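Colleague: coords below, sequence missing:
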């Protein structure tokens, strides 16, 4: 019976990995769309990512405190509700047609998703055999890869029309002129977020009426935090967690820099049409999904930390290829980068939480806060592409540096020092 309850609980949690992947991996499409409708530079458009991910820096500690006091389940339900509200706000935003409104909406959606991620990652690591936690979290993150693939290959095509008009190039016969074009492109953004909001509400209802097993962390059952710290900063004394936070900062920033600039790279610098670019984006995320599944299988035979080193070194090389050649060669190298990025986040997350016991929620909060790398590094990459468009590919020096930190974590940083 206990095994069945754990399997059911993990199945529900896996659905969260899928849904927040849809949310975060729609962002590159929205960056491309907002770049057109508001006539933004690559740097300005990258602020879309920044507005989303800054929530992951602000809220993990309050969220961890909330879940310490109540439960993982309560945090998940609140997160689903907040994210659903954000999705519905796309309708008034289409009327306002102001860039700041979309930045605010992405911040709200991300706040809800932050609840889910702060809860789901440690829940998966703790609910089961600690020895298989990295493999279990990689399996859960495989559903994240599936959501990313669906967002990139299919939902992006619902949003992007394939028309890349400017005020100067829009045909005189276009209905409503420039204003009509902007309205049409703006309306296209509403549909996927309406569907997302409905799905989030349905999942929240399922969680409300489900009985998730409460877990023990260091002998303390969740939701029973009276008399103990709601957030424990002493967890940062663990060197493997500190290095895990640093590695997550750089991994997240590097991954998001590549993701955020992918469609801009394809359309603006390689000259592909939006339809072709979204197909490549789908292949990019398919490589990520395959990497997750294959990586999970390989962890049966190989140590997670060793795989992390090998995968990080492969990406250092591939980023070097992008910097050296750019163009289509760089685009093909990005597909390889996506494959080898696949296991990094869950592997680093689970290694960093190893042996934390009752401090697991606190450790998880700091690891989720490390996603603030997504606020800093993608705009830096976009800025480097803007200031020297002839040598745009040299901007991929930023993710190359990021993967060096990941390689170090798999080599030495992960070690638990008593």
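Modeller: Nice, thanks for sending it over. None of the values given here were measured: they were computed from a predicted structure.

Colleague: starting at the chain centroid, how far to stretch 286-299?
Modeller: Centroid displacement of stretch 286-299 relative to its chain, using CA atoms, centre = their mean, to the nearest Å, is 17 Å.

Colleague: for the record, mean pLDDT for it?
Modeller: Mean pLDDT, stretch 286-299: 88.

Colleague: Stretch 232-251 too?
Modeller: What stretch 232-251 shows for mean pLDDT is 90.

Colleague: Also stretch 87-98?
Modeller: Taken as a whole, stretch 87-98 has an average pLDDT of 92.

Colleague: Between the two ends of it, how far is it?
Modeller: Terminal residues of stretch 87-98 lie 16 Å apart, using CA to CA, to the nearest Å.

Colleague: That one: which residues count as buried?
Modeller: In terms of neighbour count (16 or more other CB atoms under 10 Å), stretch 87-98 has its buried residues at 87-90, 93-94. In short, each C-beta sits where N, CA and C put it, glycine included.

Colleague: Looking at those residues, which is nearest residue 195?
Modeller: For the buried residues of stretch 87-98, the residue nearest residue 195 by CB to CB is residue 87; the value is 8.3 Å.

Colleague: Where does that closest one fall, secondary structure wise?
Modeller: Applying DSSP states H and E as the criterion places residue 87 in helix 72-88.

Colleague: what's the following helix or strand after that helix?
Modeller: By DSSP H and E, the next helix or strand past helix 72-88 is helix 90-96.

Colleague: Just list the residues touching residue 181, thanks.
Modeller: Residues in contact with residue 181, defined by CB atoms under 8 Å, 6 or more residues apart in numbering, are 163, 165, 170, 174.

Colleague: Report the buried members of these.
Modeller: Taking 16+ other CB under 10 Å as the criterion, what is buried in the contacts of residue 181 is residue 170.

Colleague: Going by distance to residue 279, which of the contacts of residue 181 wins?
Modeller: Closest to residue 279, out of all of those and judged by CB to CB, is residue 163, at 16.8 Å.

Colleague: Tell me the secondary structure of that closest one, please.
Modeller: coil (DSSP: H, G, I helix; E, B strand; the rest coil).

Colleague: let's number from 41 now, not from 1
Modeller: Let's use 41 as the start, then, which means that last one is residue 203.

Colleague: Residues in contact with the helix holding residue 127: which ones?
Modeller: Residues outside helix 112-128 that contact it (CB under 8 Å, 6+ apart): 56, 63, 103, 106-107, 145-146, 148-149, 151-156, 158-160, 163, 233-234, 236-238, 240-241, 243-244, 247-248, 250, 252, 255, 262-263.

Colleague: how about the helices in the stretch 41-190 of the chain?
Modeller: For the stretch 41-190 of the chain, the helices defined by DSSP state H, counting those that start in this stretch cover 42-65, 67-77, 82-93, 95-98, 100-109, 112-128, 130-136, 139-166, 173-190.

Colleague: With distance to residue 292 as added columns, please give those helices in TSV.
Modeller: TSV is the format used below for the helices of the stretch 41-190 of the chain (distance: least, CB to CB, whole Å):
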stretch	distance to residue 292
helix 42-65	10
helix 67-77	13
helix 82-93	8
helix 95-98	8
helix 100-109	13
helix 112-128	19
helix 130-136	25
helix 139-166	11
helix 173-190	13
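
Colleague: Could you name the stretch from the ones you listed that's closest to residue 222?
Modeller: Nearest to residue 222 among the helices of the stretch 41-190 of the chain is helix 67-77 (5.0 Å), distances taken as CB to CB.

Colleague: quick one: buried residues of the helix or strand hosting residue 362?
Modeller: Using DSSP H and E, residue 362 sits within helix 344-365. Neighbour counts over helix 344-365 (16+ other CB under 10 Å) mark 344-345, 347-349, 351-356, 358-359, 361-363 as buried.

Colleague: go on, stretch 220-240?
Modeller: For stretch 220-240, the neighbour count (16+ other CB under 10 Å) marks 221-223, 225-226, 228-230, 232-233, 236-237, 239-240 as buried.

Colleague: Thought residue 413 was touching residue 89, still the case?
Modeller: No: under the criterion of CB atoms under 8 Å, residue 89 makes no contact with residue 413, lying 10.8 Å away.

Colleague: and for those two, which residues touch both?
Modeller: residue 296.

Colleague: Quick check: residue 69 vs residue 304, distance?
Modeller: Residue 69 sits at a distance of 11 Å from residue 304 (criterion: CB to CB, to the nearest Å).

Colleague: neighbour count winner among the two?
Modeller: Ranked by neighbour count (other CB atoms under 10 Å), residue 69 and residue 304 place residue 69 first, with 26 against 22.

Colleague: C-terminal to the helix or strand of the chain with the lowest mean pLDDT, what's the next element?
Modeller: Within the chain, no helix or strand scores below strand 260-261, which has a mean of 50 by mean pLDDT, DSSP states H and E. Per DSSP H and E, the first helix or strand lying C-terminal to strand 260-261 is helix 279-304.

Colleague: distance between the helix or strand just after that following helix and the chain's centre?
Modeller: The C-terminal neighbour of helix 279-304 among helices and strands, as given by DSSP H and E, is helix 314-338. Relative to the chain's own centre, helix 314-338 is displaced by 14 Å; criterion: CA atoms, centre = their mean.

Colleague: Same check on stretch 438-450?
Modeller: Centroid displacement of stretch 438-450 relative to its chain, using CA atoms, centre = their mean, is 18 Å.

Colleague: Near residue 208, how many other residues are there?
Modeller: Counted with other CB under 10 Å, the neighbours of residue 208 add up to 6.

Colleague: Shouldn't it be within a strand?
Modeller: No: in this structure, residue 208 is coil, not part of a strand, as judged by three-state DSSP.

Colleague: can you tell me which residues contact it?
Modeller: Counted by CB under 8 Å, 6+ apart, residue 208 has zero contacts.

Colleague: Over to it: give its phi and psi.
Modeller: phi -80, psi -30 (degrees, to the nearest 10).

Colleague: Ok, the one 4 residues further on next?
Modeller: Here the main-chain torsion angles of residue 212 (degrees, to the nearest 10) amount to phi -60, psi -20.
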